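for reference, the sequence and a predicted model appear below.
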Amino acid sequence: MSNWKGFLQRLKEKLFVKKSEKYIATYSPPQQAKTVSVPQVEVGRKSSSEREPYFVQIGFDFGTAYSKCVCRDVITNKAWVYLPAGSERMEHPFLISSVLLMRNGKLSHVENPGSDYHANGLYHLKHALEKVALRQWHDPVLDPYRNALGESDVNQLAAFVRNCAVYFLAGAFGEIRGQVRQRLPSFGMRADDYVAVNLAVPVADAERPEVNRLYNQVLFEAWVLMDDLNRHPVVDVAEVERLLTKISKKEDLTVKDACFIYPEASANVQGFVRSRVSSPGIYLFSDTGAGTVDQSVFIFLRDDNCEHLTYRTPHK
């Protein structure tokens, strides 16, 4: 019995001594924690070098009294309605006033014309362009422009109307592109990021070569000058003319390729058939504007996730 107790005692001492020695050998006093900087990782957003290039399409409906704009990310097929700055509390915040003001030789944009007609207001800009293209110099639509210019020379009148149209469109395009960059912060960081514009005009204007030609010229010039005239700064008419002269000798084909004239009725049809709520059938679309009514009849079918559109020629 004594032998057994001795064995247990020796085993106990052996175990506890080894445990104690092991603890003392491995123990070290606590050290002060070191600050380690962990790099922040942005989750869910690719860098400009990793993502696909952006392709944004601006659809601008050039209206007689008001214009409208829809932007679309072509790659993701997501669209949004453009809202001008400061229009949040308006009843129809998506409307862009097409009215300009000429005062003391300077052009400005009337953001909210309301129901008042300004004494120096330049109205019906789209129709004025049409009358200039058709050389209908005595049309009453041109009277406000003739009065603002103080000249009866038709060449000066034509240049003034063109300058007004470039000023209006360039100012709007500049603000719209700025909003695109806000929604897509890395837009422009890749050399192949691309933005194009479709200018929707009445069917009759799109079909007449002389009117279509002037629209294309004004659209191209406005697209080039949108940085200079961004958000419609108050500017001297002569300054607009100077800017136009500056770009006339360096027309860039890549810029022209980004600009398109599109019949309003066609724009309405395309918007409808691409909508998720569209259903097959025969449709009559009427686009009632301030000066024209465009109509289009088309047959729309959807088969095996493919869209089939029999599109009749639109009429004014």
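Yep, that arrived. Predicted, not measured: the structure shown is a model, and the values here were computed from it.

show me what the longest strand seen in the chain is in contact with.
Taking DSSP state E as the criterion, the chain has its longest strand at strand 293-303. Residues outside strand 293-303 that contact it (CB atoms under 8 Å, 6 or more residues apart in numbering): 202-203, 263-266, 268-269, 272-273, 278, 280-287, 307-312, 314-316. Yep, even glycine has a C-beta here, placed from its N, CA and C like the rest.

again, only using 10 Å
Strand 293-303 has contacts (CB atoms under 10 Å, 6 or more residues apart in numbering) with 200-204, 206, 263-269, 272-273, 278-288, 307-316.

please indicate which of these are buried?
Neighbour-count burial (16 or more other CB atoms under 10 Å) is assigned, among the contacts of strand 293-303, to 200-203, 206, 263-269, 273, 283, 285, 287, 314, 316.

and the strand or helix carrying Gly174, what's its mean pLDDT?
According to DSSP states H and E, Gly174 maps onto helix 154-183. If you average the pLDDT over helix 154-183, you get 96.

how about that helix: buried residues?
For helix 154-183, burial by neighbour count (16+ other CB under 10 Å) applies to 157-177, 179-180.

doesn't Gly114 make contact with Leu95?
No - between Leu95 and Gly114 there is no contact under CB atoms under 10 Å: 11.7 Å.

higher neighbour count, these two?
A direct count of neighbours by other CB atoms under 10 Å for Leu95 and Gly114 places Leu95 higher, at 18 against 7.

for the stretch 201-316 of the chain, which segments count as strands?
With strands called from DSSP state E, counting those that start in this stretch, the stretch 201-316 of the chain shows them at 235-236, 259-263, 281-288, 293-303, 306-311.

between those strands, which gets nearest to Lys68?
Closest of the strands of the stretch 201-316 of the chain to Lys68 is strand 281-288, at 11.7 Å (criterion: CB to CB).

mind listing what that closest one pairs with, with the direction of each?
strand 293-303 (antiparallel) (DSSP bridges).

what angle separates the strand it pairs with from strand 259-263?
Here strand 293-303 points in a direction 100 degrees away from that of strand 259-263 (axes from the mean of the first three to the mean of the last three CA atoms, to 10 degrees).

what comes up buried for strand 293-303?
By 16+ other CB under 10 Å, the buried positions in strand 293-303 come out as Asp294, Ser296, Val297, Phe298, Phe300.

look up how far Tyr262 lies from the first one.
Look at Asp294 and Tyr262: by CB to CB, to the nearest Å, they are 12 Å apart.

overlap in contacts, these two.
What both Asp294 and Tyr262 touch, as defined by CB under 10 Å, 6+ apart, is the set Ala200, Val201, Ala206.

surely the last one touches Thr292?
No - at 11.3 Å, Ala206 and Thr292 do not qualify as touching, with contact defined as CB under 10 Å.

just the pLDDT at Arg51, thanks.
Here the pLDDT value assigned to Arg51 is 84.

which non-adjacent residue is nearest it?
Ser186 (7.2 Å; CB to CB, 6 or more residues apart in numbering).

can you give me the neighbour number for that neighbour?
Close neighbours of Ser186, defined as other CB under 10 Å, add up to 15.

burial measure for the closest residue to Arg103 other than its chain neighbours, as a count.
Spatial nearest neighbour of Arg103, chain neighbours left out: Asn120 (5.1 Å); criterion: CB to CB, 6+ apart. By other CB under 10 Å, 14 other residues sit near Asn120.

circling back: can you tell me the SS state at the residue nearest to Arg51?
coil (DSSP: H, G, I helix; E, B strand; the rest coil).

doesn't Tyr54 make contact with it?
Yes - counting by CB under 10 Å, Tyr54 is a contact partner of Ser186 at 8.1 Å.

can you redo the buried residues of strand 293-303 as CSV with pLDDT and distance to Leu219?
Converted to CSV, these look like this (pLDDT from 0 to 100; distance: CB to CB, whole Å):
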residue, pLDDT, distance to Leu219
Asp294, 77, 19
Ser296, 78, 22
Val297, 83, 28
Phe298, 83, 26
Phe300, 87, 29
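
would a markdown table of the residues you listed with distance to Glu130 be doable?
Shown next, in a markdown table, are those (distance: CB to CB, whole Å):
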| residue | distance to Glu130 |
| --- | --- |
| Asp294 | 14 |
| Ser296 | 20 |
| Val297 | 25 |
| Phe298 | 26 |
| Phe300 | 31 |
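
widest-spaced pair of those?
Among those, Asp294 and Phe300 lie farthest apart (CB to CB), at 17.8 Å.

did I read that right, Ala196 in a strand?
Yes - assessed with three-state DSSP, Ala196 lies in a strand.

what sits against it?
Contacts of Ala196 (CB under 10 Å, 6+ apart): Phe55, Val56, Gln57, Ile58, Gly59, Val74, Trp223, Asp257, Ala258, Cys259, Phe260.
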